[in-house]
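**Q** got a predicted model here, sequence first, then my questions.
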Amino acid sequence: MTMHQIMYKAVSRRASDIHIKVHNPPIFRVDGALIRMDEEPPLVDEDIRGLLRQVVDDRDVAKFEKLLELDTSYMLEGVARFRINACMDDGHPRVVLRLIPLKIPSLDELGLPPTLKNMCRLKNGLILLTGPTGSGKSTTLAAMIDEINATRPDHIITIEDPLEFMHTDRMGIVTHREVGHDTLSFANALRGALRQDPDIILIGEMRDAETVKTALSSAETGHLVLSTLHTVDAVETLNRLMEFFEPHQQTQIRKQLASVLRCICSQRILPMAKDQGRIVACEVLVGTRTIRDFIDQGKSFKDILGIIEESRDQWGMQSFDQALHILWTKGVITAEVALQNATSAKDLRLRMQGMNIK
């Protein structure tokens, strides 16, 4: 079996990921569960190396042999794009591919809060999409960039490792830069981006203090910056941003963050009721004056959750528990799933019972 055949089969089964692992047939992740292709024989080392060579060039093969790690991407023309990670697993090669559809879903199709579409109209500031691996951050970012690209005559620069969704020029124009192929690092690309007449800058991930600092400065100087963090909610996101810096730097970073923060959207993917697939639940923080003052004044971030829950009607914010309650009320998810994923299962249970919990 060739890698292309595996890819086609993954697309037909609506898999999100492909696992290539020694002593196993190819394995697909479908609706969150791993499913083995038991009709195929188990793979050995040379099979896996051969499959990898079919989708990466000689330069990437050499890089993998030297560093024992590889992040890249591959386009299966007219079908899908794949994000590829190769590594070693107890001395054996191991490959994981994430399927990235060519058609970018809209924010409405993804069932995301209307607040995110409003954020696409902003001219400057910082928007962060957060959540664990596989929570749909990249898909949401792509939908937001697509919305901006379709409605604004602006220049969008994306900096990713590896490149994921591809955008064609529409009302706006898009410059794609892949770390390792088009640039050596996020920091280099971000510094260079400021000399390329950008309006919007997408940074695949906030990885270090230099990237965070440059992103904040870019947002301060009139650009709209979008990025991601592997944090579970708004409070952890704010704390993580501070942790990138030494204590003596944090007061200045707080002031910068307070001036540019526009939105934090934290996502989790949940199984839908009756095995109908999966749905995203979002916590949304909007950078209102109250939130900005809260950050600037050095108050404890944990108290922000109360502001989020009280600002739903006026500003379109919502906590995870409020989002879960909405999905449960609509019958999209079961009570069990809602309670398992709640920030406070006790409060959510009271809300489900009709108690007046904001």
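**A** The structure has been received and is ready for your questions.

**Q** okay, domains of this protein per the record?
**A** Split into domains by automatic domain parsing, the chain comes to 3-101, 114-318.

**Q** can you give me the end-to-end distance of the longest one?
**A** In this case it means domain 114-318. 12 Å (CA to CA, to the nearest Å).

**Q** tell me how far that domain lies from the chain's centre.
**A** 9 Å (CA atoms, centre = their mean, to the nearest Å).

**Q** tell me where the stretch 151-300 of the chain has helices.
**A** Here the stretch 151-300 of the chain has its helices, by DSSP state H, counting those that start in this stretch, at 186-193, 209-220, 234-243, 250-260, 289-296.

**Q** mind listing what's buried along the second one?
**A** When burial is assessed from 16 or more other CB atoms under 10 Å, helix 209-220 yields the following buried residues: 209, 211, 212, 213, 214, 215, 216, 217, 218, 219. Heads up, the C-betas are built off the backbone N, CA and C, glycines and all.

**Q** residues in contact with that helix?
**A** The contact list for helix 209-220 (CB atoms under 8 Å, 6 or more residues apart in numbering) reads 124-126, 186-187, 190-191, 193-194, 201, 203, 206, 225, 227, 241, 244-245, 253, 256-257, 259-260.

**Q** with the last one instead?
**A** Counting by CB under 8 Å, 6+ apart, the neighbours of helix 289-296 from elsewhere in the structure are 238, 254-255, 257-259, 261, 285, 301, 303-304, 307, 311.

**Q** same question, the fourth one
**A** Where contact means CB under 8 Å, 6+ apart, the residues beyond helix 250-260 that reach it are 124-126, 212-213, 216-217, 219-220, 225, 238, 241-242, 244-245, 287, 292-293, 295-296, 298.

**Q** in ChimeraX, select just the buried ones from the contacts of helix 289-296.
**A** Buried subset of these, written as a ChimeraX selection, criterion 16+ other CB under 10 Å:
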select :238,254,257,258,259,261,285,301,304,307,311
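
**Q** next, format the contacts of helix 289-296 as JSON lines and append pLDDT and distance to residue 26.
**A** What follows is these, written out as JSON lines (pLDDT from 0 to 100; distance: CB to CB, whole Å):
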{"residue": "238", "pLDDT": "96", "distance to residue 26": "41"}
{"residue": "254", "pLDDT": "96", "distance to residue 26": "48"}
{"residue": "255", "pLDDT": "96", "distance to residue 26": "51"}
{"residue": "257", "pLDDT": "97", "distance to residue 26": "44"}
{"residue": "258", "pLDDT": "96", "distance to residue 26": "48"}
{"residue": "259", "pLDDT": "97", "distance to residue 26": "49"}
{"residue": "261", "pLDDT": "98", "distance to residue 26": "43"}
{"residue": "285", "pLDDT": "98", "distance to residue 26": "40"}
{"residue": "301", "pLDDT": "91", "distance to residue 26": "43"}
{"residue": "303", "pLDDT": "90", "distance to residue 26": "48"}
{"residue": "304", "pLDDT": "94", "distance to residue 26": "44"}
{"residue": "307", "pLDDT": "95", "distance to residue 26": "47"}
{"residue": "311", "pLDDT": "94", "distance to residue 26": "47"}
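
**Q** what's the farthest-apart pair in the contacts of helix 289-296?
**A** Spanning the widest gap among those are 255 and 311, at 22.2 Å by CB to CB.

**Q** now the phi/psi pair for the residue nearest to the spatial centre of the chain, please.
**A** For the chain, residue 137 is the residue whose C-alpha lies nearest the centre (CA atoms, centre = their mean; 2.0 Å). Main-chain dihedrals, residue 137, degrees, to the nearest 10: phi -60, psi -50.

**Q** doesn't residue 231 make contact with it?
**A** No - under the criterion of CB atoms under 8 Å, residue 137 is not in contact with residue 231, lying 10.5 Å apart.

**Q** what touches both of those two?
**A** Residues touching both residue 137 and residue 231 (CB under 8 Å, 6+ apart) are 130, 131.

**Q** buried subset of the contacts of helix 209-220 as a PyMOL selection?
**A** Buried members of those can be picked out in PyMOL with the line below, counting by 16+ other CB under 10 Å:
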select buried, resi 124+125+126+186+187+190+193+201+203+206+225+227+241+244+245+253+256+257+259+260
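
**Q** picking up where we left off before, now, among the buried residues of helix 209-220, which is nearest to residue 29?
**A** Nearest to residue 29 out of the buried residues of helix 209-220 is residue 211 (CB to CB; 29.1 Å).

**Q** any idea how far residue 276 is from the closest one?
**A** Per CB to CB, to the nearest Å, residue 211 is found 38 Å from residue 276.

**Q** do residue 21 as well
**A** Distance of residue 21 to residue 276, given as CB to CB: 29 Å.

**Q** these two: who's more crowded?
**A** residue 21 (18 against 11; other CB atoms under 10 Å).

**Q** that one reaches residue 37, doesn't it?
**A** No - Residue 21 lies out of contact with residue 37 (CB under 8 Å); the separation is 11.8 Å.
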